[in-house]
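>>> A predicted structure for the sequence below; I have some questions about it.
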Amino acid sequence: MKKRVIQIAIIFLVAIFLASALIPFVLGSEKTLVVLSGSMTPVMLPGDIIVVKSVTPDGLMAGDIIAFQDPGGKDTFVTHRIIGIEEGEERIFRTKGDANEEEDIFKVPASEVVGKLVFVIPFAGYLPETSKNKIFFFFTVIIPATVIVLDEIKTIIRYSNPISARKAENKKEKISRRISFTIRGKRLATVVLVSGFIFTGTILSNLGENGPAVLQKENTVESSYFLPSVCVLLPEDSKNRFAIEPWYAVIPPYSEILVNAPENMRVKISSAPYILPVFWVISLAEINPYLPVVAEIVFYTSIFTLSIFPLWYRKIELGRKVKRGRFNRLFFLWKRKLNLV
């Protein structure tokens with residue numbers, strides 16, 4: 001009964017998650033776009049899929065990344081960062097690509113804004129292009145579809161005969177009664193602890209400065225480790241973000257960058273190894289400067305644990321277990337008769 005309640009609770013939570021994720025797309029309040037250029041590198045890379053959410057223009061501020069109609073093309077969009085806002089009868093946004101030296105030559109009226117960037121899915125945009133390849137399409141679509149169709153035909157033929165159908169159902173019921181799945185708690189805990197320890201050590205050994213700091217006019221931020229790092233500098237007032245140049249950066253291994261800022265500006269520094277998308281790191285750093293590091297440890301520990309699930313998730317055939325137990329009892333009686341125990 002307790003197991004059944006847990007299963008229902010898990011299904012309910014998954015259903016809520018899927019509904020909250022899919023409803024906005026069904027209603028049209030969110031849409032996905034594929035990144036085609038590198039103007040917003042490294043926040044989003046060519047081939048990434050981005051999710052933009054419809055927002056009211058009054059809710060936008062400098063620093064937000066928005067998608068808007070391309071002034072020079074039809075049915076295409078540009079996704080750049082707001083660097084300034086002009087108030088009037090209609091709000092006008094000045095935008096710039098993070099990888100561009102200059103701001104955009106055009107200005108974006110609020111009516112042209114499609115939405116605000118809320119999430120980035122790395123490299124997922126390459127899948128539609130890859131699916132156009134005939135060999136890829138054959139192995140990933142044609143062959144699996146053929147196998148499914150043949151299996152369905154086999155099932156239809158089997159169940160067309162009442163006797164065969166009854167035998168198949170009885171066999172399926174017997175198998176379902178004999179087979180159960182169990183989680184090996186000790187093994188799972190060991191895998192989580194060991195992998196968590198390894199990833200924690202790797203990430204912390206490549207960790208730069210984190211927490212509150214006071215910037216001078218010229219500041220040096222370095223990465224003296226074997227992994228590249230993402231460094232984010234967030235001022236107490238988000239409006240002063242663009243006074244720091246650059247306010248975020250990807251630093252290659254064993255190198256440093258120069259950061260210019262107003263004298264004695266108080267900031268929160270968040271740095272983490274570059275093993276999660278930059279957009280994720282920035283979004284987490286805006287919540288808490290230490291959150292990107294925690295997220296990286298949890299994310300990669302979870303991925304590794306799930307990838308080796310056969311070690312801690314086991315299928316048990318009850319019939320075999322009963323036979324093995326009977327054999328063990330007979331073996332014990334045989335040893336006792338021979339005075340071996």
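Thanks, I have the structure now.
>>> hey, let's count contacts and neighbours off CA atoms from now on
Fine.
>>> Name the helix or strand for Ser302, please.
In the assignment (DSSP states H and E), Ser302 maps to helix 291-307.
>>> One more: Leu36?
Per DSSP H and E, there is no helix or strand for Leu36.
>>> what about the residue lying closest to it once chain neighbours are set aside, neighbour count?
Nearest non-adjacent residue to Leu36, counting by C-alpha to C-alpha, 6 or more residues apart in numbering: Pro46, 5.0 Å away. Using other C-alpha atoms under 10 Å, Pro46 is surrounded by 19 other residues.
>>> three-state assignment of Pro46?
coil (DSSP: H, G, I helix; E, B strand; the rest coil).
>>> Do I have it right that it meets Ser39?
No - taking contacts as C-alpha atoms under 8 Å, Pro46 lies outside contact range of Ser39: 9.0 Å.
>>> residue ranges with poor pLDDT in the protein?
When residues are selected by pLDDT under 70, those of the chain lie in 1-29, 128-134, 136-138, 140-141, 158-161, 164-165, 167-181, 315-341.
>>> Can you tell me the centre-most residue of it?
When C-alpha atoms, centre = their mean is applied to the chain, the residue found nearest the centroid is Ile121 (6.9 Å).
>>> Quickly list what the closest residue to that residue other than its chain neighbours is bridged to.
Closest residue in space to Ile121, ignoring its immediate chain neighbours: Ile49 at 5.1 Å, by C-alpha to C-alpha, 6+ apart. Here Ile49 sits in beta bridges with Val34, Ile121, as judged by DSSP bridges.
>>> residues contacting Ile49?
32-35, 120-125 (C-alpha atoms under 8 Å, 6 or more residues apart in numbering).
>>> again, 6 Å this time
33-34, 120-121, 124-125 (C-alpha atoms under 6 Å, 6 or more residues apart in numbering).
>>> do Ile257 as well
Taking C-alpha under 6 Å, 6+ apart as the test, what Ile257 contacts is 220-221.
>>> would you say it is within a helix?
No - assessed with three-state DSSP, Ile257 is strand; it does not lie in a helix.
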